[in-house]
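Asker: just to be clear, the model below is a prediction. Sequence and coordinates:
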Amino acid sequence: MEIKRNSQIKTTSTKDLFGLMPDGTAIYAYELSNKNGMKLKVITYGATITKLEMPLKNGEMVDVVLGFDSLESYIQSFNLPSPPYMGATVGRYAGRIYKSTFSLNRKKIILNKNDNDNSLHGGAIGFSQKVWTVKDIHSGKKSSITLTYSSPAGEENYPGKLEVELTYTLSKENELIIEYSAKTTEDTVVNLTHHSYFNLDGHLSNVLDQELIVNTHRMLETSVENIPTGRFLEIENTDFDFFAPKKCPSKIDNTFVLDRKDEFAASLFNKKNNLKMTVYTNQPGVHIYVGGNCFNAIKGKANADYHPLSGICFETQNYPDAPNNQNFPSAVLKKGAEYTHNTIYKFQSF
């Protein structure tokens, strides 16, 4: 174990062995904290967040993300009927790409299929199942960890070697700040996101009594396969209108269009412990999904049985299938250019 401490500001970082991959590669767990007692645990498998503990006004701590206690469980979760991507970093392309194909520079790219005929969340073995490398750790006014992954050209049939850098930061304002950057050796498409299942009441309950706000009046229309049609839907006064706070729906798997770039994207509030999370991003969309089901096949942390209502994801990103929709923001990353993506999950205890 490695420990770094600064007694004046009470931030810490630790490193422990989390497990071994089937080929013997060591997976490490890093835990960061800020001076308020907020704690973040990240493993190098999938650059995955396994724990996010928040201090409440009453002095108690609550772990607000779902996760597993062992590396074996994370690996096995990708064999479930619907893999949950629990707390993972998703890439190269978050969301679905229709028929696993798109055209780039007049060339047809055929990706690996892993969602019927479609490519989902990067394909058969995306960034969520890769071993990331820790580049840097800081314990100071802000605690942070930077991880990198080098995706070879042709991985999952995506063109270009993609160098990805990801930094998780805990601020003194109890923000989890996520910053992505990427560069490619040839033109490619990129869409990264974070896939934690949040539950402000802790990971042993459900989210149905928590209040959801999504700061928009529009979302993407989708087909029965949940593929965007290219149309934008006005959702004011519909079941998908969360502009004013409403309880979390029992079923949602939709991309909301973020028009207000300088405002928050979404928020979640739990009246039971007066904890609020607000999401900010520079991305054009947030995909919201209620789930976490582990089909009674894998136990969650503290022997939890995760079910379809265990958590809610706020996947800030470009739109699914953007490479096949000219009226969507471009997902193309040119050689020599840099992909950047910033998202903040801010927590407040009242």
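Answerer: Looks like it came in fine.
Asker: contact partners of the helix or strand hosting residue 256?
Answerer: Secondary structure assignment for residue 256, by DSSP states H and E: strand 253-257. Applying CB atoms under 8 Å, 6 or more residues apart in numbering, the contact partners of strand 253-257 are 95, 214, 216, 218-220, 222, 226, 228, 232, 240, 265-266, 284-291, 319-320. C-betas here are computed from N, CA, C, even on glycine.
Asker: change it to 6 Å
Answerer: In this structure, residues lying in contact with strand 253-257 by CB atoms under 6 Å, 6 or more residues apart in numbering are 214, 216, 218, 219, 220, 285, 286, 287, 289, 319.
Asker: which one (most neighbours) among those residues?
Answerer: Neighbour counts for those (other CB atoms under 10 Å) peak at residue 285, which has 30 neighbours.
Asker: quick check, that one in contact with residue 320.
Answerer: No. The criterion here is CB atoms under 6 Å, and residue 285 misses it with residue 320 at 8.4 Å.
Asker: the helix or strand hosting residue 19 packs against which elements?
Answerer: Taking DSSP H and E as the criterion, residue 19 maps to strand 11-20. The contact analysis (3 or more CB pairs under 6 Å, 6 or more residues apart in numbering; DSSP states H and E) places strand 11-20 against strand 2-6, strand 26-33, strand 133-139.
Asker: and it, which strands flank it?
Answerer: Its sheet considered, strand 11-20 pairs with strand 2-6 (antiparallel), strand 26-33 (antiparallel) by DSSP bridges.
Asker: how distant is the last one from the center of its chain?
Answerer: Averaged C-alpha coordinates place strand 26-33 at 18 Å from its chain's average position (CA atoms, centre = their mean, to the nearest Å).
Asker: give me the angle between the following helix or strand past that strand and strand 11-20.
Answerer: Per DSSP H and E, strand 26-33 leads on to strand 39-43 as the next helix or strand towards the C-terminus. Using axes from the mean of the first three to the mean of the last three CA atoms, to 10 degrees, the direction of strand 39-43 lies 30 degrees away from that of strand 11-20.
Asker: so how far is strand 39-43 off the chain centroid?
Answerer: The answer for strand 39-43 is 14 Å, by CA atoms, centre = their mean.
Asker: make residue 1 into 324 and carry on from there
Answerer: Will do, 324 is the new start, and the previous item becomes strand 362-366.
Asker: pairing partners for that strand, with directions?
Answerer: strand 349-356 (antiparallel), strand 371-378 (antiparallel).
Asker: and the contacts of strand 576-580, which two are furthest apart?
Answerer: 541 and 612 (17.9 Å; CB to CB).
Asker: around the closest residue to residue 481 other than its chain neighbours, how many other residues sit close by?
Answerer: Excluding the flanking residues, the one nearest residue 481 by CB to CB, 6 or more residues apart in numbering is residue 415, at 5.2 Å. For residue 415, the neighbour count with other CB under 10 Å is 27.
Asker: with residue 667 instead?
Answerer: Using other CB under 10 Å: residue 667 sits among 20 other residues.
Asker: which strands or helices does the helix or strand it falls within pack on?
Answerer: Per DSSP H and E, residue 667 falls inside strand 662-672. On a contact count with 3+ CB pairs under 6 Å, 6+ apart, strand 662-672 meets strand 498-507, strand 598-604.
Asker: how about low-confidence regions in the stretch 374-523 of the chain?
Answerer: For the stretch 374-523 of the chain, no stretch has pLDDT under 70.
Asker: any idea where the strands of it begin and end?
Answerer: Secondary structure of the stretch 374-523 of the chain (DSSP state E, counting those that start in this stretch): strands at 384-386, 411-413, 419-420, 424-427, 430-433, 442-443, 456-462, 466-474, 485-493, 498-507, 511-512, 516-518.
Asker: ok, now the stretch 524-673 of the chain?
Answerer: 534-537, 541-545, 551-557, 569-570, 576-580, 589-593, 598-604, 608-614, 634-640, 655-656, 662-672.
Asker: any chance of TSV for the helices and strands packed on strand 662-672, columns distance to residue 397 and mean neighbour count?
Answerer: Conversion of the helices and strands packed on strand 662-672 to TSV gives the following (distance: least, CB to CB, whole Å; neighbours: other CB atoms under 10 Å):
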stretch	distance to residue 397	mean neighbour count
strand 498-507	19	20
strand 598-604	23	21
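Asker: isn't the residue nearest to residue 481 up against residue 480?
Answerer: No. In this structure, residue 415 is not within contact of residue 480 by CB under 6 Å, at 10.2 Å.
Asker: contacts for stretch 521-540, please.
Answerer: 385-389, 558-559, 565, 568, 571, 579-581, 583, 586-593, 595, 598, 627, 632, 634-635.
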